[in-house]
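# quick one, what's the 3D model for this:
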Amino acid sequence: MKINRNNEKKRNRFTFALLGMMCIFLLLFTNSLNYLKYRLENFFLPIQARIYKSKENVTDSFQTYLNRERLFRENEILKLENNKLKFILRENKILLEENKRLTSLLEMKQSLTEKIQFAKVYFRKPENMYEQFYIDLGSKDGIKKNMIVSQGEKVIGRVVEVQENSSLVYMITKEGIVVSAKSENHIFGVVKGIGEDKLYFEPNVYDDSLKVGDKIYTSGISDIYPGEMYIGYISEIDEGENSLFTSIVVKPSFNISNLKEVLVIQSRRNYED
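Residues are numbered from 1 along each chain as shown. A predicted model of the protein is given here:
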């Protein structure tokens, strides 16, 4: 019996010792695991941080790309709308200017007693801008040679050639064209075209009362042009030796860059059939 008790005590001590060792082992193993986990976390943390940062960068880059695409599309739409508005404004401006010109011509037409027709300038050559142009009226519209072409009371020229649907107009500024004229002070003479944006006034008799700014009109002596049509104004007087006039420059009344619509006047004077 005594032996059995001793054996049982030994077994109990062994069991307690084994349990103690197991507890110590588990404690050490747990500590080792925690340490290993800590080391692994420290090892992988920078990698995870880089991955997370890269992910954020990719996400941000993609979002930035999407935002840029959206802004680009919105900008394109805004530019398109802006161009549409510019086009509409330009068209409205053109229509407004045309309306003003036509209104002015209509008022002039109502103030004149001769038979008048509206015409559009539809062709002119850059090399002879101050010499001739074509209008969109012809023989089918009753246009005949030597009919006067004007902008209201501002004389431009006359019809020299008539086709069925168009007519050729020689301007008073054309080189070699001579028109009977007079100053506002009734100094008579002629104006001569030189193919440029100016004419020369040659008075029949020298008169020192002529000065820059004086207006020049048709004299009415011509077989084609009636009197009192505005030709232009004296813009320059060049004096030669002994204070004699060498040239009197006249600025035409019409603006060549704005020559889009004109009046064709059937004067009470005779014109060729």
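
# and the helix or strand harbouring Asp238, what does it pack onto?
Counting by DSSP states H and E, the secondary-structure element that holds Asp238 is strand 230-239. With contacts defined as 3 or more CB pairs under 8 Å, 6 or more residues apart in numbering; DSSP states H and E, the secondary structure elements packing on strand 230-239 are strand 154-162, strand 178-183, strand 198-203, strand 215-218, strand 245-252. Using the backbone N, CA and C atoms, a C-beta is placed for each residue, glycine as well.

# let's see 6 Å
Counting contacts by 3 or more CB pairs under 6 Å, 6 or more residues apart in numbering; DSSP states H and E, the secondary-structure elements packed against strand 230-239 are strand 215-218, strand 245-252.

# any idea which of those strands scores lowest on pLDDT?
Within the helices and strands packed on strand 230-239, the stretch with the lowest mean pLDDT is strand 245-252, showing a mean of 86.

# buried ones in that one, by neighbour count?
When neighbours are counted by 16 or more other CB atoms under 10 Å, the buried residues of strand 245-252 are found to be 245, 248-250, 252.

# show me what it is in contact with.
Counting contacts by CB atoms under 6 Å, 6 or more residues apart in numbering, the residues outside strand 245-252 that touch it are 173, 191, 198-201, 216, 232-238, 240.

# just the buried residues from the residues you listed, in PyMOL please.
This is how PyMOL selects the buried members of the contacts of strand 245-252, with burial counted by 16+ other CB under 10 Å:
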select buried, resi 173+191+198+199+201+216+232+233+234
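
# for Ser166, which of the helices and strands packed on strand 230-239 is the nearest?
With CB to CB as the criterion, Ser166 lies closest to strand 245-252 of the helices and strands packed on strand 230-239, at 23.4 Å.

# pull the most distant pair out of the contacts of strand 245-252.
When these are compared pair by pair using CB to CB, the two farthest from each other are Thr173 and Gly240, 23.8 Å apart.

# could you list the low-pLDDT ranges of the protein?
When residues are selected by pLDDT under 70, those of the chain lie in 1-14, 16-17, 20, 25-62, 65, 79-114, 240-245, 267-273.

# and the strands in it?
Residue ranges of the strands in the chain, as given by DSSP state E, are 115-123, 132-135, 148-151, 154-162, 167-171, 178-183, 188-196, 198-203, 215-218, 230-239, 245-252, 261-266.

# Glu153 touches Tyr230, doesn't it?
Yes - here Glu153 lies in contact with Tyr230, judged by CB atoms under 6 Å, at a distance of 5.4 Å.

# out of those two, which sits in the more crowded spot?
Each of Glu153 and Tyr230 has its neighbours counted (other CB atoms under 10 Å); Tyr230 has more, 18 against 15.

# might you report the residue contacts of the more buried one?
If a contact means CB under 6 Å, 6+ apart, then Tyr230 has 153-154, 217, 253 as its contacts.

# quick one: the residues you listed as CSV, columns for distance to Ile187 too.
As requested, the contacts of Tyr230 are exported to CSV (distance: CB to CB, whole Å):
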residue, distance to Ile187
Glu153, 20
Lys154, 20
Tyr217, 11
Ser253, 18
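
# show the buried residues in these.
Using 16+ other CB under 10 Å as the burial test, the contacts of Tyr230 include 154, 217, 253 as buried.

# isn't the first one right next to Ser253, touching?
Yes - Lys154 sits in contact with Ser253 when judged by CB under 6 Å, with a separation of 4.1 Å.

# contacting residues around stretch 168-182?
With CB under 6 Å, 6+ apart as the test, stretch 168-182 has contacts from 130-134, 149, 156-157, 159-161, 188, 190-195, 216-217, 219, 221-222, 231, 252.

# between the two ends of that stretch, how far is it?
Criterion CA to CA, to the nearest Å; first-to-last residue distance in stretch 168-182 is 27 Å.

# may I see the buried residues of it?
Residues 168-174, 177, 179-182 are the ones in stretch 168-182 that count as buried (16+ other CB under 10 Å).
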